[in-house]
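Visitor: what would the 3D arrangement of this be:
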Amino acid sequence: MSRHVAALAGISVVMILIALDQTVVGTALPRMVAELKGFELYPWVAAAYLLTNAILIPVTGRLGDLHGRKPFLLTSILLFTLASVLCGLAQSMLQLVLARALQGVGGGMLIGSAFASVSDLFPETMERVRWQVMLSATFGIAAALGPMLGGWMTEHFGWRSVFYVNLPVGLLALPIVWRYLPRIVHRRQGASKAIDWIGVLLLTLAIGTLLLTAELGDRLGFASARFWGLVVLAFVLGGLFVRHQRGTPAPVIPPQLVADATVRRLGLLGALTGFNLFVLLFYSPLLLQGGFSMSPKQAGLMITPVLVCMTLGSIANGRLIPRVARPERLFSLGALLLVAGLFLLCGVSARSPSLFVLGVFALCGLSFGFQTPNLTLQTQAAVGREDQGAASALIQTMRTLGSMFGASLGGLVVSLIFGHAAAGMLATEGIGDATVSHLFESPQLLLRVPDQELLTTLARDQGFDAAALLVQAREGLVSGVHAAFAGCVVLAVVSFFLGRRLPPFARRVKRH
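Guide: Coordinates of the predicted model:
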């Protein structure tokens, strides 16, 4: 048991890598855009990571079932750490996006291996619940430090330092995992060690097409034949993937998982949860820095309650599961809290008291503490040990897909509303100068001091009030982010009702 606890400690260090990356980068991203320019690639910094992440999670999860998770976990730590260095060395937004895609490969392998490793170490469900608290607490503490750490490092050492922080963490995790994590294989006797690489290709094409559709929606226009052609192509590729999985002897996602109604419902809940969490963490820094003129450090401090209370919620969730009659209802409780938190967040303005904003973020964080752990725990309880990796990976993949669309569709909503507000503002003021119009094409203006200085110079030459325009532009950005949050309120309501339909948790606990 002591060896298993040491191995879990190593996995917890691995989770720190994932947690820091998800929160530190978001706080520093507005400064990255300000230095490297290219706001049009703002969503792609996240989307590129999430795309490769979503592809590698199910592949690694299945390979871990067939060959053991240890070699993939070790490889992922090395790859993730190397990619972090490349992110810090990026000299353009395109280079940063490409490095983030490589980092997503490592991150996908990490997630696909780490969560299933816990079920390997502690196969009994209620025992796993107790130890899951340790993993959740570690993740939450690291995530809670992320926004504050990211803001502080960005201000004092530059945004590149937020990627280099992964180096010591990776170097710490590697020897612990190497020494203590056992190599456990759950492959059925006589089963093939192969994996369906044609299925992997179809999955990659389907996810990539979905992402491309979401990203190009505002450029092509929703009435465009090319846009709807991409939508159809994405669904056709997805259908081909599902059909191919049913006929192959070595599926990436075993058909019995997709056939399980409970697993399907949990997968959908995972996608909704990932969408809402990512929009909250990704666009709150933009709201606070671009809309409310906060520094990265101030924004990081304001967002910290999300992650702190997410940790507290996860701990409370772990304590309540063995003690309540219907533990599956805890997910619905979290969804209900999220509805309230996001609804209040839609009304937050630059004049809102700081304590109120902190309280709203804390409520949102608490809600996710009751949602995210239950997705994995209930899925692992619903399947056999030989499918633990694939099932855990399926849920994480759905969360990642939800996050991917949260980044893309959130950016689409923010850009459309900001662009409409800026165009209307310039038309009202009678400003037709091409340089001024170019400055107001994206919220990048609100993050870059040189662009604001250029606007002030143009205003002095042309006789308009630059400060008043900036105030109106910030209002347009705030409206865009609020609209994205309002969409998340609707999805949180859907999650609540889906969560209420989960069957009793105890009936799905399978003894192995």
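
Visitor: can you give me the helices for the stretch 101-250 of the chain?
Guide: 125-157, 161-164, 166-180, 197-220, 225-247 (DSSP state H, counting those that start in this stretch).

Visitor: need the contact partners of stretch 14-25.
Guide: Contacting residues not belonging to stretch 14-25 are listed as 45, 73, 77, 80-81, 84, 103, 107, 110-111, 114, 135, 138-140, 142-143, 145-147, 149-150, 153, 162-163, 165-166, 169-170, 173, 177, 281, 303, 307 [C-beta atoms under 8 Å, 6 or more residues apart in numbering]. C-beta: built from backbone N, CA, C; applies to glycine.

Visitor: now the buried members of those.
Guide: For the contacts of stretch 14-25, a neighbour count by 16 or more other C-beta atoms under 10 Å gives the buried set as 45, 73, 77, 80-81, 84, 103, 107, 110-111, 114, 135, 138-140, 142-143, 145-147, 149-150, 153, 162-163, 165-166, 169-170, 173, 177, 281, 303, 307.

Visitor: give me the nearest residue to residue 31, chain neighbours excluded.
Guide: In space, residue 31 comes closest to residue 159 once its chain neighbours are excluded; the distance is 4.6 Å by C-beta to C-beta, 6 or more residues apart in numbering.

Visitor: I'd like the next helix or strand past the host helix or strand of residue 286.
Guide: Secondary structure assigned from DSSP states H and E places residue 286 in helix 261-286. Later in the chain than helix 261-286, the nearest helix or strand by DSSP H and E is helix 296-320.

Visitor: next, the angle from the lengthiest helix in the chain to helix 197-220.
Guide: Across the chain, the longest stretch assigned as helix under DSSP state H is helix 388-429. Using axes from the mean of the first three to the mean of the last three C-alpha atoms, to 10 degrees, the interaxial angle of helix 388-429 with respect to helix 197-220 works out to 10 degrees.

Visitor: the next helix or strand after helix 388-429 packs against which elements?
Guide: Counting by DSSP H and E, the element after helix 388-429 in chain order, helix or strand, is helix 434-439. Contact partners of helix 434-439 among helices and strands, from 3 or more C-beta pairs under 8 Å, 6 or more residues apart in numbering; DSSP states H and E: helix 449-462.

Visitor: lowest average confidence, helix or strand, in the protein?
Guide: Comparing every helix and strand of the chain by mean pLDDT, DSSP states H and E singles out helix 125-157 as the least confident one, with a mean of 69.

Visitor: distance of the nearest residue to residue 234 once chain neighbours are set aside relative to residue 264?
Guide: Nearest-residue entry for residue 234: residue 209, 4.1 Å, with adjacent residues in sequence omitted and distances by C-beta to C-beta, 6+ apart. Note on residue 209: its distance to residue 264, by C-beta to C-beta, to the nearest Å, is 22 Å.

Visitor: please, which helix or strand holds residue 339?
Guide: With elements taken from DSSP H and E, the one containing residue 339 is helix 329-345.

Visitor: what about the closest residue in space to residue 458 that isn't next to it in sequence, how many neighbours?
Guide: Spatial nearest neighbour of residue 458, chain neighbours left out: residue 436 (5.7 Å); criterion: C-beta to C-beta, 6+ apart. As a burial measure, the neighbour count of residue 436 was computed by other C-beta atoms under 10 Å and equals 20.

Visitor: residues contacting residue 436?
Guide: Going by C-beta under 8 Å, 6+ apart, residue 436 touches 426, 455, 458, 462.

Visitor: give me the number of residues near the nearest residue to the last one once chain neighbours are set aside?
Guide: Spelled out, it's residue 462. Ranked by C-beta to C-beta, 6+ apart and with sequence neighbours excluded, the top spatial neighbour of residue 462 is residue 433, at 6.4 Å. Each residue near residue 433 was counted by other C-beta under 10 Å, and the total is 13.

Visitor: my guess is residue 433 contacts residue 458. True?
Guide: Yes. Assessed by C-beta atoms under 8 Å, residue 433 is found in contact with residue 458 at 6.7 Å.

Visitor: circling back to that earlier point, the residue nearest to residue 234: what's it in contact with?
Guide: Listed by C-beta under 8 Å, 6+ apart, the contact partners of residue 209 are 230, 233-234, 237.

Visitor: and for residue 174?
Guide: By C-beta under 8 Å, 6+ apart, the neighbours of residue 174 are 74, 77-78.

Visitor: go with 7 Å
Guide: By C-beta atoms under 7 Å, 6 or more residues apart in numbering, residue 174 lies in contact with 74, 77.

Visitor: and if you look at residue 3?
Guide: By C-beta under 7 Å, 6+ apart, the contact set of residue 3 is residue 180.

Visitor: please, which helix or strand holds it?
Guide: Counting by DSSP H and E, the element that carries residue 3 is helix 2-36.

Visitor: nearest to residue 260 among the contacts of residue 209?
Guide: Sorting the contacts of residue 209 by distance to residue 260 puts residue 237 at the head of the list, at 23.2 Å, by C-beta to C-beta.

Visitor: count of residues packed around that closest one?
Guide: As a burial measure, residue 237 scores 20 neighbours (other C-beta under 10 Å).

Visitor: for it, which non-adjacent residue is closest in space?
Guide: In space, not counting the residues next to it along the chain, residue 237 is nearest to residue 206; the distance is 3.8 Å by C-beta to C-beta, 6+ apart.

Visitor: wait, the one you found touches residue 234, no?
Guide: Yes. Counting by C-beta atoms under 7 Å, residue 206 touches residue 234, with 6.0 Å between them.

Visitor: re the thing from before, and the residue nearest to residue 237, how far from residue 405?
Guide: 13 Å.

Visitor: residue 263 too?
Guide: Using C-beta to C-beta, one obtains 20 Å as the distance from residue 263 to residue 405.

Visitor: repeat that for residue 69.
Guide: Residue 69 sits 28 Å away from residue 405, taking C-beta to C-beta as the criterion.

Visitor: more neighbours: which of those two?
Guide: Using other C-beta under 10 Å as the criterion, residue 69 and residue 405 rank with residue 69 on top: 31 against 22.

Visitor: contacts only, for the closest residue to that one other than its chain neighbours.
Guide: Here the nearest residue to residue 69 in space, its sequence neighbours aside, is residue 113; by C-beta to C-beta, 6+ apart that works out to 4.4 Å. With contact set as C-beta under 7 Å, 6+ apart, residue 113 has these partners: 60, 64, 69, 72-73, 76.

Visitor: and of those, the nearest to residue 413?
Guide: When those are ranked by distance to residue 413 (C-beta to C-beta), residue 60 comes first, at 32.1 Å.

Visitor: so where does that closest one fall, helix or strand?
Guide: helix 42-67.

Visitor: so what secondary structure elements neighbour that helix?
Guide: With contacts taken as 3 or more C-beta pairs under 7 Å, 6 or more residues apart in numbering; DSSP states H and E, helix 42-67 sits against helix 70-89, helix 93-121, helix 197-220, helix 388-429.

Visitor: repeat that with 8 Å
Guide: Packed against helix 42-67, as judged by 3+ C-beta pairs under 8 Å, 6+ apart, are the following elements: helix 2-36, helix 70-89, helix 93-121, helix 197-220, helix 261-286, helix 388-429.

Visitor: residues making contact with the shortest one?
Guide: Which is helix 70-89. The list of residues contacting helix 70-89 from outside it, by C-beta under 8 Å, 6+ apart, reads 11, 14, 17, 21, 60, 63-64, 96, 99-100, 102-103, 105-110, 112-114, 117, 160-161, 163-164, 166-167, 170-171, 173-174, 177-178, 181-183.
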